[in-house]
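Asks: sequence and predicted structure below; questions after.
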Number of protein chains: 2
Amino acid sequence: MCELLGMECNVPTDITFSFAGLSARGGRRGPHAHGWGLALYDGKVAHVFREPAPACVSPLACFVREHPIKTLLAIAHVRKKTRGKVSLANTHPFVRELWGKNFVFAHNGTIKNAADLPLGGFRPMGQTDSEHAFCALLSALEHDFPAAPRSRDDLAAAVALHAGRIGERGTFNMLLGDGDQLFARCSTKLHYLIRKAPFRRATLADEDLSVDFSELTTPRDRVAVVATAPLTRDETWTQGEPDTLWVFRRGKLATTLPS
Amino acid sequence: MCELLGMECNVPTDITFSFAGLSARGGRRGPHAHGWGLALYDGKVAHVFREPAPACVSPLACFVREHPIKTLLAIAHVRKKTRGKVSLANTHPFVRELWGKNFVFAHNGTIKNAADLPLGGFRPMGQTDSEHAFCALLSALEHDFPAAPRSRDDLAAAVALHAGRIGERGTFNMLLGDGDQLFARCSTKLHYLIRKAPFRRATLADEDLSVDFSELTTPRDRVAVVATAPLTRDETWTQGEPDTLWVFRRGKLATTLPS
């Protein structure tokens, strides 16, 4: 199993605080020592840092924590392998281009017989059920929309439909981003919170690290954070209902769809 | 205009020395201050570091130089913009997945009316003629080979054909890799050398930095290096003929094709 982290905001925000909490679970506090990855959107393009190594001791993960890049949308992952060897090809998040923008995907859980899921123009490069499911999901979206969907809602409805079908085959907690929206599907375990005014101090659940967000924000800022398990011990996280898809836009939960 | 660097080897090799020479041209010694990128293959998957900033002052480029990752195939680029604003989306090298492996591309030159080149399943995310040409090249390859080509030679012949057609529209010095082969097309300016036994000391043309490769290598090692202009002052570089494609495999020039 793995741990997921997503962030979606209305102003460029750095993910350092949450990523520090996730990194601590990447080998030192948690069993997720087989890889870590962080995708940071810059417009339609994602900058992806990944390594098939524990995040807590990785020089690159350390560099990323020490040189924060502000972004409107980020997806991160620490991996404990269930399928597929420890390699870059099997390290989340996975990224592909569709309709002239990057889609980024990370998964927690196991999909049975994922190799049976039909593929179109997207092929796995590694051996994980996760990457196969991502390629199947994008192939289904491309089949439904040969050109980009007309609206965000049309895309969200299609993601809910196809992710739900894939989810029938096993455990499919997942994060999917396209630079514009963050989709978060709860199969068994997922939590979110919205940080907004009045901002307060927050303390990581796994590390002796706290941040007073009131010193770093303006009253209009809104930041949605999604994680497998709550990352902080002094904030209120909302637990996901199984088989639902959260859709975050501009730091708000825009809608919740059955999936 | 931009500068290209490619490396293809028969044993995992770090590109630090050559990348240091290229980085020096990325803003300090050269006018290529609008971005830098480095793609390092790990099997079929490329790890891509990119930034729309000068390589010579970039903390990330510095990190990459100080934490060398060994690879069999690398492609790097420093950018002086001619088309498209300074942004991550317009920063080379570009990467896509085709037939279950990453293709990486970098370009020097300008293609006229690149937007007229027909596209298939690959779409540009930025505004450069370069990325459009890359998407057109991959679309043509996917059209010729819906499934992966049977042989390296079949792929090389198709790359030579389609790159040549794109090259008729302007200046198309380019590097293309698929994790298995490095294709290097000379339109106006490209050089290569093969480092092999007996290894000797080499000194960068742009920096007071030299390396004695005999201390770092075994007699069987072979490393092909391709660059826009010779990167070292004390090695013999071979200049490319216009409209030809070099194909490097396992540190050797496997073939030269008209293109």
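Replies: Done, it's in.
Asks: looking at chain A, which helix or strand is least sure?
Replies: Sorting the helices and strands of chain A by mean pLDDT, DSSP states H and E puts helix A:16-25 at the bottom, at a mean of 84.
Asks: does chain B sit close to it?
Replies: No - for helix A:16-25, no contact with chain B is found by C-beta under 8 Å from any C-beta of the partner chain; the gap never falls below 14.7 Å. For the C-beta atoms, the positions are set from N, CA and C on the backbone; glycine is no exception.
Asks: tell me which other helices or strands that helix touches.
Replies: strand A:2-13, strand A:36-42, helix A:59-66, strand A:71-79, strand A:222-227 (3 or more C-beta pairs under 8 Å, 6 or more residues apart in numbering or on different chains; DSSP states H and E).
Asks: between the ones you listed, which gets nearest to chain B?
Replies: strand A:36-42 (4.1 Å; C-beta to the nearest C-beta).
Asks: what is the burial count for residue A:221?
Replies: 18 (other C-beta atoms under 10 Å in any protein chain shown).
Asks: the closest residue to chain B within the stretch 101-250 of chain A: which element?
Replies: Proximity of the stretch 101-250 of chain A to chain B (C-beta to the nearest C-beta) peaks at residue A:123, 3.8 Å away. Under DSSP states H and E, no helix or strand contains residue A:123.
Asks: which residue packs closest to it, ignoring adjacent ones?
Replies: Excluding the flanking residues, the one nearest residue A:123 by C-beta to C-beta, 6 or more residues apart in numbering or on different chains is residue B:100, at 3.8 Å.
Asks: just the pLDDT for the closest residue to residue A:88 other than its chain neighbours.
Replies: Closest residue to residue A:88 apart from its sequence neighbours, by C-beta to C-beta, 6+ apart: residue B:42 at 4.1 Å. If you check residue B:42, the pLDDT there is 95.
Asks: identify the bridge partners of residue B:42.
Replies: residue B:45 (DSSP bridges).
Asks: can you report how many residues neighbour residue A:131?
Replies: Residue A:131: 26 neighbours (other C-beta under 10 Å).
Asks: so what's the residue nearest to it when sequence neighbours are not counted up against?
Replies: In this structure, residue A:131 finds its nearest non-sequential neighbour in residue A:124, 4.4 Å apart by C-beta to C-beta, 6+ apart. Shown in contact with residue A:124 (C-beta atoms under 8 Å, 6 or more residues apart in numbering or on different chains): A:131-132, A:135, B:100.
Asks: give me the distance between residue A:124 and residue A:49.
Replies: Taking C-beta to C-beta, to the nearest Å as the measure, residue A:124 falls 21 Å from residue A:49.
Asks: sorry, back to before: check contacts around the residue nearest to residue A:88.
Replies: A:87-89, B:71.
Asks: what does chain A put close to chain B?
Replies: Residues of chain A lying near chain B (C-beta under 8 Å from any C-beta): A:42-45, A:47-48, A:50, A:59-60, A:63, A:67, A:87-89, A:96-102, A:121-126, A:142.
Asks: was I right about residue A:15 contacting residue A:75?
Replies: No - checked against C-beta atoms under 8 Å, the pair residue A:15 and residue A:75 is beyond contact range at 9.5 Å.
Asks: need the overlap of contacts for those two.
Replies: A:5, A:7, A:38.
Asks: excluding chain neighbours, what is closest to the second one?
Replies: Looking back up the chat, that one is residue A:7. Per C-beta to C-beta, 6+ apart, closest to residue A:7 is residue A:74, 4.6 Å.
Asks: report how many residues lie close to the residue of the stretch 101-250 of chain A closest to chain B.
Replies: Residue A:123 has 18 nearby residues by other C-beta under 10 Å.
Asks: same check on residue A:53?
Replies: Neighbours around residue A:53, by other C-beta under 10 Å: 20.
Asks: now swap in residue A:3 and tell me
Replies: Neighbours of residue A:3 under the rule other C-beta under 10 Å: 25.
Asks: for it, give the beta-bridge partners.
Replies: Beta-bridge partners of residue A:3, as defined by DSSP bridges: residue A:78.
Asks: who are the contact partners of residue A:222?
Replies: By C-beta under 8 Å, 6+ apart, the contact set of residue A:222 is A:9-11, A:194-196, A:250-252.
Asks: which intervals of chain A have sub-threshold pLDDT?
Replies: Residue ranges of chain A with pLDDT under 70: A:1, A:26-32.
Asks: now do the strands in the stretch 151-259 of chain A.
Replies: A:173-177, A:182-186, A:191-196, A:201-203, A:210-212, A:222-227, A:238-239, A:244-249, A:252-258 (DSSP state E, counting those that start in this stretch).
Asks: quick one, helices of the stretch 101-250 of chain A?
Replies: A:129-144, A:152-167 (DSSP state H, counting those that start in this stretch).
Asks: count the residues that sit near residue A:212.
Replies: 11.
Asks: so what pairs up with it in the strands?
Replies: Under DSSP bridges, the residues paired with residue A:212 across the bridge are residue A:201.
Asks: still on that earlier bit, between residue A:15 and residue A:75, which has more neighbouring residues?
Replies: Taking other C-beta under 10 Å, residue A:15 and residue A:75 do not tie; residue A:75 has more neighbours (31 against 26).
Asks: the more buried one: what's it in contact with?
Replies: A:4-7, A:38-39, A:93, A:104-106, A:175, A:177, A:182.
Asks: same question for residue A:93.
Replies: Contacts of residue A:93 (C-beta under 8 Å, 6+ apart): A:37-39, A:48, A:50, A:75-77, A:104-106, A:175.
Asks: then residue A:101?
Replies: Contact partners of residue A:101, counting by C-beta under 8 Å, 6+ apart, are A:44-45, A:178-180, B:125.
Asks: can you check residue A:112 too?
Replies: Residue A:112 makes contacts with A:169-170, as judged by C-beta under 8 Å, 6+ apart.
Asks: next one: it from residue A:190, what distance?
Replies: 20 Å.
Asks: what do you get for residue A:35?
Replies: 20 Å.
Asks: can you check residue A:174 too?
Replies: For residue A:174 relative to residue A:190 (C-beta to C-beta), the value is 9 Å.
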